[in-house]
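Chemist: Quick one, what's the 3D model for this:
(2 chains)
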There are 2 protein chains.
Amino acid sequence: MIYLDNAATEGYKPAAVQSAVLAAMKVCANPGRSGHRLSLACAERVLACRELLSDLFGGYGYERVAFTRSCTEALNLALIGVLEKGDHVITTCLEHNSVLRPLHVLQEAGVISYDVVPLKNGHIDPASISSLVKKNTRMCVVTTASNVTGEAPDLKEIRKHLPERVLLVADGAQGGGHLPIHMREWGLDALALAGHKGLHAIQGAAALLFSERMEPRPLLFGGTGSESFRLGMPSFYPDRLEAGTLSYPAICSLYEGALIVKAHRKEDAERLFELTAVLHAALTPLNGCKLYFVPNPCGIAAFSYEKISSEELAGILSEKYDIAVRGGLHCAPLVHKALGTFPDGLVRASFSPAQSLKEVDILARALKEITCF
Amino acid sequence: MIYLDNAATEGYKPAAVQSAVLAAMKVCANPGRSGHRLSLACAERVLACRELLSDLFGGYGYERVAFTRSCTEALNLALIGVLEKGDHVITTCLEHNSVLRPLHVLQEAGVISYDVVPLKNGHIDPASISSLVKKNTRMCVVTTASNVTGEAPDLKEIRKHLPERVLLVADGAQGGGHLPIHMREWGLDALALAGHKGLHAIQGAAALLFSERMEPRPLLFGGTGSESFRLGMPSFYPDRLEAGTLSYPAICSLYEGALIVKAHRKEDAERLFELTAVLHAALTPLNGCKLYFVPNPCGIAAFSYEKISSEELAGILSEKYDIAVRGGLHCAPLVHKALGTFPDGLVRASFSPAQSLKEVDILARALKEITCF
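Modeler: Okay, here's the model as predicted:
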């Protein structure tokens, strides 16, 4: 099978990542839970991973890196763990349900109100965001890159259009590992990362990086290996946000994956840009095929074919051509409404930097065959 | 290093578990997120794991198995996700902070009140539990086995002492995989499981099994791959509780680990009983060494030595003898208060069924040397 669903999860993990996970299964202890050499060695690796992530993304130090099970959990911490009664939030129509659903539940509970920035000429316009700022606007939540179109809002520019007091939270699920995100340079107060996409880690590895301006409250409570005598959670980060045993194999995989990103992000992003550019050129002439992407460094390419629904087209590609893509709404309903592709959705092909032009060609030929049929 | 900290996390994963994780890293998709063959195959494995866990623990069907990142998250779902304003809860002094801290935060927020059953002659007496039942008692939360002493409360008997309306929630972190837990026969409404201890899985694999009498509310909100058009979470289980990408490698490891438990639990529990029995006999004659365990099928053995603090003794065992045990409070402060070992704690040695009597002997000799010094 040709796997072009890397925006859902990277299909094949690099050898260094596999090897780190394997090592963690052969000699494993619970980091931060015991004082013996093995547990301390694991705790050191966990600390090294925090430092690496903070370094890689221009973060605010290792103690402001909380490991989570998913980018979704990280976003929940940044939203539900931070927002308070009466707060107003600005977000965009590009967002994933990992942002929209927490905001929705907070709104339904009467805690917050929020406004959604629409597309302007197909893009998120930073000036449109500033026009939505109210007196009680506490936070602006924006994706680093749409998981449907690859569109990457200009976060540095958005920061400039926001009053200083407004917290800027970025969903790094798709942009993390691909874009040159730098929290301090871009003025981000929080960055939620999914390890298993652009960071080459396994599913279950994720993190929230956050600034000194944010003091997230924990959403889960339990043992931390620290201050065990207290019935409350420890007061210090990251322990305060990390109840329960961390997934050491996942963190080891994230460490290795982040090292790869540190060494190869730029060339890998260029590779993904090239793959999507070649696909774009190949699909442009196809009759009835409409493209919802431009070449991009996140490796995302969404399109539709007027005669077949997105799910059906994805099904044909899987069944007849052994190509894995994703149809439907991609857990991001508002962007499809903005694009006019709701409720049918789009077909999304998404690449990893390990893939070749040959795979683009096979997809393009399959689509040519289908659309010329 | 001789690793005797398996109650913190099993140190060495069985070959089948390692192999399943490796396979998941070589060919991986996002289960439940796409319609292509690979994603469907992953979703089938996830479903098979739900069915296996429900079968193994006498649960209430696959749709009542929610995967979590940790047993702590599972307990948070069963407590914070279920309890309501005015509820009264009964728990025991054996509990881990994964139970005590969620109850504490709910009490501090004025949501619930709770009572803690003390030890009676060193055990949890089911009749003492029934004496604490109030009109508004909604839930009783009890561990399947203490992570400090291995003491396993008689949950079947506790169920008999509770009014039918009271939900019985069991913390299976230490008992899961070792004890013959059967939710329906024992009358359990919820069972929280840690994959990485008795179930041989990697850290990051855990689950909450729950009965039709419980309708846990989600604590995290986000994409589920289902009903993506809705801004609220899906109404059906398990999707309602599983926002964000599941850790497919972790779930594959849990599947293999659960298969091992299904085939070998009885003999492995006998093995652990034997290991702790032999250690018990070897430590009994040591002057100044006090034992806080009896032979048990969870493989847990806690003890103290009057001349050295628990952390110091654990440190000597690590540094001088290369033996990994855990000193301190083990995230379970109340049991240490009940045993009179607060705040110094105890040294806990904990075994896996793969270990041999030789390792018990090495620990016993080391302790003999230390105590005779």
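Chemist: Using the three-state scheme, assign A:Ile90.
Modeler: Here A:Ile90 is recorded as strand under DSSP: H, G, I helix; E, B strand; the rest coil.
Chemist: so it touches A:Val117, yeah?
Modeler: Yes - at 6.5 Å, A:Ile90 and A:Val117 qualify as touching, with contact defined as Cβ atoms under 8 Å. The way it works is simple: take the backbone N, C-alpha and C, and place the C-beta from them, glycine included.
Chemist: got any residues that touch both of the two?
Modeler: Taking Cβ atoms under 8 Å, 6 or more residues apart in numbering or on different chains as the contact rule, A:Ile90 and A:Val117 both touch A:129, A:132.
Chemist: OK, contacts around the one residue in the stretch 51-200 of chain A that gets nearest to chain B?
Modeler: The minimum distance from the stretch 51-200 of chain A to chain B, using Cβ to the nearest Cβ, falls at A:Thr72 (2.9 Å). Neighbouring residues of A:Thr72 by Cβ under 8 Å, 6+ apart: A:98, B:220-223, B:243-245.
Chemist: Show the pLDDT at A:Ile2.
Modeler: In this model, A:Ile2 is scored at 95, pLDDT.
Chemist: How about the one 3 residues further on?
Modeler: The pLDDT attached to A:Asp5 in the predicted structure is 96.
Chemist: Contact partners for it?
Modeler: Contacts of A:Asp5 by Cβ under 8 Å, 6+ apart are A:11, A:324-326, A:348-350, B:29-30, B:33-34, B:36, B:38-39.
Chemist: Name the nearest of the contacts of A:Thr72 relative to B:Glu151.
Modeler: Closest approach between those and B:Glu151, by Cβ to Cβ: B:Leu220, at 32.7 Å.
Chemist: what's the spacing between the closest one and chain A?
Modeler: With the distance defined as Cβ to the nearest Cβ, to the nearest Å, B:Leu220 ends up 5 Å from chain A.
Chemist: CA atoms only: put stretch A:42-53 into CSV for me.
Modeler: Output of stretch A:42-53 as CSV, limited to C-alpha atoms (Å, rounded to 0.1, in the frame of the first residue of the first chain):
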residue,chain,number,x,y,z
CYS,A,42,15.1,7.2,32.5
ALA,A,43,14.3,10.5,34.3
GLU,A,44,17.4,12.0,32.7
ARG,A,45,16.2,11.0,29.2
VAL,A,46,12.8,12.5,29.9
LEU,A,47,14.5,15.7,31.1
ALA,A,48,16.7,15.7,28.0
CYS,A,49,13.6,15.4,25.8
ARG,A,50,12.0,18.4,27.6
GLU,A,51,15.2,20.4,27.0
LEU,A,52,15.4,19.4,23.4
LEU,A,53,11.8,20.4,22.6
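Chemist: Residues in contact with that stretch: which ones?
Modeler: Under the criterion Cβ under 8 Å, 6+ apart, residues A:28-32, A:59, A:62-63, A:65, A:67, A:193, A:207, A:209, A:238, A:246, A:248, A:251-252, A:254-255, A:258-259, A:262 lie in contact with stretch A:42-53.
Chemist: and if you look at stretch A:305-324?
Modeler: A:1-5, A:11, A:286, A:288-290, A:304, A:325-328, A:341, A:344-347, A:362-363, A:366-367, A:370-371, B:29, B:34-39.
Chemist: Start and end of that stretch, how far apart?
Modeler: 17 Å (Cα to Cα, to the nearest Å).
Chemist: And stretch A:28-39, by the same measure?
Modeler: Termini of stretch A:28-39 sit 8 Å apart (Cα to Cα).
Chemist: Out of the contacts of stretch A:42-53, which end up buried?
Modeler: Taking 16 or more other Cβ atoms under 10 Å in any protein chain shown as the criterion, what is buried in these is A:28-32, A:59, A:62, A:65, A:67, A:193, A:207, A:209, A:238, A:246, A:248, A:251-252, A:254-255, A:258-259.
Chemist: So which of the contacts of stretch A:305-324 belong to helices?
Modeler: Those of those mapping onto helices are A:362-363, A:366-367, A:370-371, B:37-39, per DSSP state H.
Chemist: one step back: and the pLDDT at the residue of the stretch 51-200 of chain A closest to chain B?
Modeler: Looking at A:Thr72, its pLDDT stands at 98.
Chemist: for A:Ala109, same thing?
Modeler: A:Ala109 is assigned a pLDDT of 97 by the prediction.
Chemist: Got the domain ranges for chain A?
Modeler: Chain A breaks down by automatic domain parsing into domains covering A:2-9+A:264-372, A:15-261.
Chemist: List the contacts of stretch A:330-346.
Modeler: Stretch A:330-346 is contacted from outside by A:7, A:93-98, A:100, A:116, A:118-119, A:146-149, A:292, A:302-304, A:309-311, A:327-329, A:348, B:33, B:222-225, B:228-231, using Cβ under 8 Å, 6+ apart.
Chemist: Show me which of the contacts of A:Thr72 is closest to A:Ala16.
Modeler: A:Ala16 lies nearest to B:Thr245 out of those, by Cβ to Cβ, at 21.6 Å.
Chemist: ok, now which ones touch the closest one?
Modeler: Neighbours of B:Thr245 in contact, by Cβ under 8 Å, 6+ apart: A:8-9, A:70-72, A:194, A:196, A:203, B:30, B:33.
Chemist: Show me the contacts of stretch A:42-53 that map onto strands.
Modeler: Those of the contacts of stretch A:42-53 mapping onto strands are A:65, A:67, A:193, A:207, A:209, per DSSP state E.
Chemist: Could you report the separation of A:Tyr255 from chain B?
Modeler: Taking Cβ to the nearest Cβ, one finds A:Tyr255 at 15 Å from chain B.
Chemist: In contact with that residue, which residues are there?
Modeler: A:Tyr255 neighbours (Cβ under 8 Å, 6+ apart): A:20, A:45, A:48-49, A:52.
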